[in-house]
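Student: Below are the sequence and a predicted model for it; my questions follow.
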Protein chains: 2
Amino acid sequence: MKASSTDQERDKSILTAVDSCFDSEIEFLSEITAFASTRGNEQQVQKFVAAELNQRGFDVDTWCINVADISHLPGFSPVIGNYEEAINVVGTHRSRSNSGRSLILNGHIDVVPVGPLEMWTSPPFEPRIEDGWLYGRGAGDMKAGIASNLFALDALRSIGFQPAANVHFQSVVEEECTGNGALACLQRGYTADAALIPEPFSEALAEAQVGTLWFQVHLKGIPTHVAYSASGSNAIEAVIPLLAALHEMEDCWNVPDRRHSAFAKHDHALNLNVGKIKGGDWTSSVPAWCVFDVRMGIFPGQDIQEAQREIEAVLLDAARAHPFLRDNPPEIIYNGFLAAGYALCDDQSEIASQAVSALEAAYTATTGDTLQKTAITATTDARFFGLYADTPALVFGPEAEAIHGFDERVNIESIRRVTQTTALFIAEWCGLEAI
Amino acid sequence: MKASSTDQERDKSILTAVDSCFDSEIEFLSEITAFASTRGNEQQVQKFVAAELNQRGFDVDTWCINVADISHLPGFSPVIGNYEEAINVVGTHRSRSNSGRSLILNGHIDVVPVGPLEMWTSPPFEPRIEDGWLYGRGAGDMKAGIASNLFALDALRSIGFQPAANVHFQSVVEEECTGNGALACLQRGYTADAALIPEPFSEALAEAQVGTLWFQVHLKGIPTHVAYSASGSNAIEAVIPLLAALHEMEDCWNVPDRRHSAFAKHDHALNLNVGKIKGGDWTSSVPAWCVFDVRMGIFPGQDIQEAQREIEAVLLDAARAHPFLRDNPPEIIYNGFLAAGYALCDDQSEIASQAVSALEAAYTATTGDTLQKTAITATTDARFFGLYADTPALVFGPEAEAIHGFDERVNIESIRRVTQTTALFIAEWCGLEAI
């Protein structure tokens, strides 16, 4: 900025610049939301994002995740499928002066499946705007965040400035099932003084997030013709007592004594979800097999291996009470998240408190309000920066509704405020230099 | 037979003829068991069977089931998939004299899925013989019966005789899910004075069989991110109370007052089986949908439509107690069996009692034992002949184990006895004429 500008004038011009770019931002968001980038299908949108970064002069790095590079690292989660086309994109802005603090602007481009199409009001990958909301699978979780990261920098550029420190803009895959995309960025050497992840938590700063474990329970049965079903053992019905036992464990993990302090007032932060099930081959055969997929939350600080042992003990105990499973115990397979919880509020470092303060100031300058803090019951890639790279990670993004549901949508004015806050935060955190 | 032969001599030469052909019969059974003729995949084995019939001089009719031909007929069941390649084969022996009673020798060539391969001791479509049993999917249910039907006629031919009445040898599809294959034979004009179906019920005559209903229950949920699972409604977990309600209905249908007299001593003739389940798309999304497939038995005489109404009422009542299903009731789809029960023992006709007597005599002549009668808790194609064509249908076949299960097997000596009994039954029922 010109030396003669006051901070207020600087802020005002940045806010105005975001406004000026905002139509383009929403157009960009619509464009990337139209890509059906469910896990394994992100190549086209990543190509699109890389081209946008190239156009803007970023130093663009596009690569396919190599499991062998990351499988030994803390935070790695078991791979589902393969990574033959698991493409990460990082665009790096290199500062001339390097006078400020460096920053990672992270977002994930993978989206969760849409479920039955007939339950959507309009097709999930044909984004539309209605009453101030942009609808589409992934619009909120979290393509709006990716747009915000990119257009915060665009806005600065539109008034002649760029960050006075290196900034890594990251568009990663695998956030929705393992986090191995963000981990691969770390392993590739992308580090910075802070990270910002605009996940859609309604313009509140996530000061803590739960961890997530995914596991599959494989059950066998004794198949027979249904005519003799008493002599068989139904693998589908065997799910019921195991699920009941898991819910008892869920209740137990949520008792006040076991809560992380950031979740003290949260009666049920750790949710157990049976998200998928499949079993049996023939209606008139007692089913020989059933598999169900479970997600369970854990608190920051809760040991993953201990949690796994507890889950296994609960399932095997329940199996012992079952006439067939007693001798044919369920097989438990971890495929996907083995993700620790993360609490930014536990990070007592100077740099963490500086990062939080900078975001608070930027938010107040944008909205006139105080930045709210929240403890979230979901997992984000923030843990990689916070736990494994000593980097405070700020999860702060727009308001969205029905993420993972039907008619997922993101609030457009909220995107504007987040983009403005982000642009001001970059200006404060990195400093600015003339282009 | 020669006029001078006594009945005993005739019987003895027939029994010996079956013995002489028996190695070929088991070889034929192995050959047809090696075809993986699960529903929709019967074309190759049907071609093989048709060729065998042609070779023997039968008048062979091979056709694809046309739904429009049969969908208006009593006994028709809703189609699963399509019948583009649903091939029936009927080989007709035409008698010169037509001095005896005509006969249908019926069997189904379709087999149920094998389930997880690793649970079989040896591959299900690589039949093997061990300790007097022939192993393989479909070996018992009911390719051994098809072999028996064919080789009973072969044995007669090998000593210079053929039935003195028309005999329709039927190899049908669709028995395991609708019975529409047998129905299509009826519609095509194949009728006779009696029918024999060698389903594997341990050499006992089925004097009654239950009916079967298949239905799918489609449940919706409210998908959300698992972080907010309390605001969602889990379609997989919603199965549990509905299934409990169905089991209560099952208990109620089995009370002594509701039983058909042939099942009076059968404490649990009507089995409810959840045979398949599928739901959800993503482990961390509260699942928006779940579908489970149910088989429920009904007694002979139990009205199908009334049973359907009762099932629907039970499901809708249970749904009313569920916070989400209350306003989003399950959808119930009938796909597959809407099969009535059938009781041969209720058939007071002269021809029925003649048919039973002839089979009893043939069995005693073969084994020295009295033919046992049984009420079976499974459904067979017998109902089409008995209920819709006024034709007594004798279900009598070999001993098999683990039908619909792993390591399905059929007892080889039992096949021999059934084939001998069948040959003697044909001689008595149809009479014999020289080739």
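Tutor: Arrived safely, thanks for sending. Numbers count the residues shown, from 1 in each chain, chains lettered A, B, ... in the order given.

Student: what's the spacing between whichever strand or helix holds residue A:316 and its chain's center?
Tutor: Using DSSP states H and E, residue A:316 falls within helix A:304-320. How far helix A:304-320 lies from its chain's middle: 27 Å, per Cα atoms, centre = their mean, to the nearest Å.

Student: Next, the buried residues of it.
Tutor: Across helix A:304-320, burial judged by 16 or more other Cβ atoms under 10 Å in any protein chain shown covers A:304, A:307-308, A:310-311, A:314-316, A:318-319. C-betas here are computed from N, CA, C, even on glycine.

Student: cool, stretch A:382-391 as well?
Tutor: Neighbour counts over stretch A:382-391 (16+ other Cβ under 10 Å) mark A:382-389, A:391 as buried.

Student: Next: stretch A:324-332.
Tutor: A:324-325, A:328-330.

Student: pLDDT and distance to residue A:413 added to those residues, as TSV?
Tutor: Output for the buried residues of stretch A:324-332, formatted as TSV (pLDDT from 0 to 100; distance: Cβ to Cβ, whole Å):
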residue	pLDDT	distance to residue A:413
A:324	88	57
A:325	92	53
A:328	88	56
A:329	93	54
A:330	97	49
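
Student: tell me which of these is nearest to residue A:111?
Tutor: Minimum distance to residue A:111 across the buried residues of stretch A:324-332 is 30.9 Å, recorded for residue A:330 (Cβ to Cβ).

Student: Give me the neighbour count for the closest residue to residue A:400 other than its chain neighbours.
Tutor: Excluding the flanking residues, the one nearest residue A:400 by Cβ to Cβ, 6 or more residues apart in numbering or on different chains is residue A:140, at 2.6 Å. Neighbour count for residue A:140, taken as other Cβ atoms under 10 Å in any protein chain shown: 31.

Student: Now do the same contact list for residue A:140.
Tutor: Counting by Cβ atoms under 8 Å, 6 or more residues apart in numbering or on different chains, residue A:140 touches A:200, A:398, A:400-403, A:408-410.

Student: what's the farthest-apart pair in those?
Tutor: A:398 and A:402 (13.8 Å).

Student: more crowded one of those two?
Tutor: residue A:398 (28 against 22).

Student: could I get the buried residues of stretch A:382-391 as CSV with distance to chain B?
Tutor: Shown next, in CSV, are the buried residues of stretch A:382-391 (distance: Cβ to the nearest Cβ, whole Å):
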residue, distance to chain B
A:382, 14
A:383, 15
A:384, 18
A:385, 20
A:386, 18
A:387, 19
A:388, 21
A:389, 24
A:391, 23
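
Student: How much space separates the closest residue to residue A:242 other than its chain neighbours from residue A:271?
Tutor: Residue nearest to residue A:242 in three dimensions, not counting chain neighbours: residue A:318, with 5.0 Å by Cβ to Cβ, 6+ apart. Counting by Cβ to Cβ, to the nearest Å, the separation of residue A:318 from residue A:271 is 19 Å.

Student: Residue A:72 too?
Tutor: For residue A:72, the distance to residue A:271 equals 30 Å [Cβ to Cβ].

Student: In terms of neighbours, single out the busier of the two.
Tutor: residue A:271 (23 against 8).

Student: okay but that one is in contact with residue A:251, surely?
Tutor: No. Counting by Cβ atoms under 8 Å, residue A:271 does not reach residue A:251; the two are 11.3 Å apart.

Student: Please enumerate the shared neighbours of these two.
Tutor: Common contacts of residue A:271 and residue A:251 (Cβ under 8 Å, 6+ apart): none found.

Student: and residue A:250, that one's in a helix?
Tutor: Yes. Looking at residue A:250 with DSSP: H, G, I helix; E, B strand; the rest coil, it is inside a helix.

Student: Near it, how many other residues are there?
Tutor: Neighbouring residues of residue A:250 were enumerated by other Cβ under 10 Å; the total is 18.

Student: Chain neighbours aside, what residue packs nearest to it?
Tutor: residue A:272 (4.0 Å).

Student: helix/strand/coil for the spatially most central residue of chain A?
Tutor: Residue closest to the mean C-alpha point of chain A, counted by Cα atoms, centre = their mean, is residue A:380 at 3.7 Å. Residue A:380 falls in the coil class when you classify it by three-state DSSP.

Student: wait, it sits on residue A:195?
Tutor: No. With contact defined as Cβ under 8 Å, residue A:380 does not reach residue A:195; the gap is 10.5 Å.

Student: follow-up on the earlier one: quick check, nearest of the buried residues of stretch A:324-332 to chain B?
Tutor: For the buried residues of stretch A:324-332, the closest approach to chain B (Cβ to the nearest Cβ) belongs to residue A:328, at 10.5 Å.

Student: ok, and the closest non-adjacent residue to that closest one?
Tutor: In space, and not counting its chain neighbours, residue A:328 is closest to residue A:220: 5.2 Å by Cβ to Cβ, 6+ apart.

Student: Tell me, how many residues neighbour the closest residue to residue A:208 other than its chain neighbours?
Tutor: Spatially, and ignoring its direct neighbours in sequence, residue A:208 is nearest to residue A:262 (3.5 Å; Cβ to Cβ, 6+ apart). Residues near residue A:262, counting by other Cβ under 10 Å, number 24.

Student: do you know how far residue A:262 is from residue A:57?
Tutor: Residue A:262 sits at a distance of 40 Å from residue A:57 (criterion: Cβ to Cβ).

Student: now do residue A:134
Tutor: Per Cβ to Cβ, residue A:134 is found 28 Å from residue A:57.

Student: Looking only at neighbour counts, state which of these two leads.
Tutor: Set side by side, residue A:134 and residue A:57 show more neighbours around residue A:134, with 25 against 13, by other Cβ under 10 Å.

Student: so the more buried one touches residue A:127, yeah?
Tutor: Yes. Counting by Cβ under 8 Å, residue A:134 does reach residue A:127; the two are 5.9 Å apart.

Student: so what's the residue nearest to residue A:242 scoring on pLDDT?
Tutor: Per-residue confidence (pLDDT) for residue A:318: 97.

Student: now do the one 5 residues further on
Tutor: Here the pLDDT value assigned to residue A:323 is 89.
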